[in-house]
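Asker: Sequence and computational prediction follow.
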Amino acid sequence: MAQLWGGRFTKETDKLVYNFNASISFDRKFYEQDIRGSIAHVRMLEKQGILTEEEKEKIVSGLCGILEDVQNGELEISDTYEDIHSFVEAVLIERIGDAGKKLHTGRSRNDQVALDMKLYVRDEVLQVDGILKELLKVLLHIMKENTKTAMPGFTHLQKAQPITLAHHMGAYFEMFKRDRSRMHDIYERMNYCPLGSGALAGTTYPLDREYTASLLGFKGSTLNSMDSVADRDYLIEFLSALATVMMHLSRFSEEIIIWNSNEYQFVEIDDAYSTGSSIMPQKKNPDIAELVRGKTGRVYGALMSLLTTMKGIPLAYNKDMQEDKELVFDAIDTVKGCLTLFAGMLNTMKFRTEVMEESAKKGFTNATDAADYLVNHGVPFRDAHGIVGQMVLYCLDKNIALEDMSLSELQDISPVFEKDIYDAISMETCINKRITIGAPGKEAMEQVIGICEAYLTEEKE
Ligand code: ARG
């Protein structure tokens, strides 16, 4: 058991208490950030005349050595330390002697851990953003290939109006694009350095916080030392954005599961992304989509947990906040894994476009267009709605589609119908007449695809 604070204690910590309190089993994840933060801190201490150049050199090279040794497996992060901060400091002192004891000058673990977690999460925000971008590329590819592929659009999971596969994929493009913009917002808002806030009230050393912040790539320093050590808003925002990504993935998964079912057969998930049954030889199951849908609960749980953990904590630092780490780490790993697998599944999935088109023709998806035809010939919409309703009843009885009705059958219901009704309710017209921006008509869709493409290529990396 190795602790940084033995001085005022007369007894050893109870073993169970020690284990309950320790965080090294999970905060070891940000050893690199902890060391990077310490190096910046020490550089600043030297610049301010708080450490000599020689001391700084010794500490920095000691820290670099620790970083290297952990990375190449020569130094194992040992569970005998309370947390990653204690481990790094202890190894440093062991390696370089007394100079190492000055590392923690003008710093508390409260601002240190606030920094480490921020550095870790800041990188992860960018990584999630990058994986989202890969998924958008897969979607854009499918969109470009399928501006003419008709499929039924649904409301209430009932066939509603015909759309195209490009249009359906385009809906997800917008969702994941918004997810990316949430990542960018979070990055901007969190990008202020808490180091130098001390335990809660700043320090009496003449620290240059702006300098430390700039060494670590932050936009500036945080402005209130109590808030700096007590703030976990950026984690809550990040978890909320991750939960939203999962909600999108889960809806998409649900659709793929439905589309992949025997009844729909709109898609076929590649063998490499499917699994079998131990008893039923014929089965090919969409387990990946189901797992993504399932793991959504886990990420929502992390968000709810942290919100609840934070809600009753008085200012400033309290140990409750140590609970932020495992939740956030797990949510990040889950979302990154799900996004990567999902993109792979989508990229290899076969779209059975002939089945989709056939399905779009059934289910009276052109009924609205038949009503619009009547409206264009002077019939008030409410009357037109009623007339087409009668036509649907008639067709249901005969088990035919609207376009299978003869002109005289149509005229029996409304004399307004002429020969050009067939063209007006053909699948192609139904789709391509929808030309307002955001609609599935080919021209409008191609315009949007151009915007999506520009978004992916022109954006600053
Ligand atoms: N492991 C702690 C955490 O994650 C580090 C900060 C400890 N600070 C303290 N005052 N005990 O929050």
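Answerer: Here it is on my side, so go on.

Asker: Which residues of the stretch 251-400 of the chain lie near the ligand?
Answerer: 317, 319, 321-322 (C-beta under 6 Å from any ligand atom). Where you see a C-beta, it was placed from the backbone N, CA and C, and this is true even at glycine.

Asker: do that again at 5 Å, thanks
Answerer: Listed as neighbours of the ligand in the stretch 251-400 of the chain under the rule C-beta under 5 Å from any ligand atom: Q322.

Asker: Taking the stretch 151-300 of the chain, what residue is nearest to the ligand?
Answerer: The minimum distance from the stretch 151-300 of the chain to the ligand, using C-beta to the nearest ligand atom, falls at A199 (7.0 Å).

Asker: any idea of the mean pLDDT in the top helix by length along the chain?
Answerer: Counting residues, the longest helix in the chain under DSSP state H turns out to be helix 109-145. The average pLDDT within helix 109-145 is 98.

Asker: what's the answer for stretch 297-308, then?
Answerer: Across stretch 297-308, pLDDT averages out at 98.

Asker: which parts of that stretch are buried?
Answerer: Buried residues in stretch 297-308, defined by neighbour count with 16 or more other C-beta atoms under 10 Å: 298-300, 302-303, 305-306.

Asker: returning to that earlier point: now do the longest helix of the chain: distance to the chain's middle.
Answerer: Remark: helix 109-145 is offset 8 Å from the chain centroid, using C-alpha atoms, centre = their mean, to the nearest Å.

Asker: Sheet partners, orientation included, of the helix or strand that it is followed by?
Answerer: Moving toward the C-terminus from helix 109-145, the next helix or strand (DSSP states H and E) is strand 150-155. Partners of strand 150-155 in the sheet, by DSSP bridges, are strand 158-164 (antiparallel).

Asker: Name the residues of the stretch 101-250 of the chain found near the ligand, please.
Answerer: The stretch 101-250 of the chain comes close to the ligand at residues 109, 113, as judged by C-beta under 5 Å from any ligand atom.

Asker: which regions of the stretch 101-250 of the chain sit below the pLDDT cut-off?
Answerer: Judged against pLDDT under 70, the stretch 101-250 of the chain has no low-scoring part.

Asker: which residues touch the residue lying closest to K325 once chain neighbours are set aside?
Answerer: With C-beta to C-beta, 6 or more residues apart in numbering as the criterion, K325 has its nearest non-adjacent residue at 5.3 Å, and that residue is F26. Contact partners of F26, counting by C-beta atoms under 8 Å, 6 or more residues apart in numbering, are 325-326, 329.

Asker: just those now: which is nearest the ligand?
Answerer: In terms of C-beta to the nearest ligand atom, no member of those lies closer to the ligand than K325, at 6.1 Å.

Asker: which stretches of the stretch 251-400 of the chain form strands?
Answerer: Along the stretch 251-400 of the chain, counting by DSSP state E, counting those that start in this stretch, strands occupy 267-268, 350-351.

Asker: Deepest in the core, which of those is it.
Answerer: strand 267-268 (a mean of 20; mean count of other C-beta atoms under 10 Å).

Asker: can you redo the strands of the stretch 251-400 of the chain as a markdown table with mean pLDDT?
Answerer: Formatted as a markdown table, the strands of the stretch 251-400 of the chain follow (pLDDT from 0 to 100):
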| stretch | mean pLDDT |
| --- | --- |
| strand 267-268 | 96 |
| strand 350-351 | 98 |
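
Asker: Using a markdown table, lay out the ones you listed together with distance to Q127.
Answerer: Putting those into a markdown table (distance: least, C-beta to C-beta, whole Å) gives the following:
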| stretch | distance to Q127 |
| --- | --- |
| strand 267-268 | 29 |
| strand 350-351 | 29 |
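
Asker: burial of G6, as a residue count?
Answerer: 11 (other C-beta atoms under 10 Å).

Asker: for I279, that is, sorry about that
Answerer: The number of residues packed near I279 is 6, by other C-beta under 10 Å.

Asker: thought H104 was touching L92?
Answerer: No: counting by C-beta atoms under 8 Å, L92 is not a contact partner of H104; they are 10.0 Å apart.
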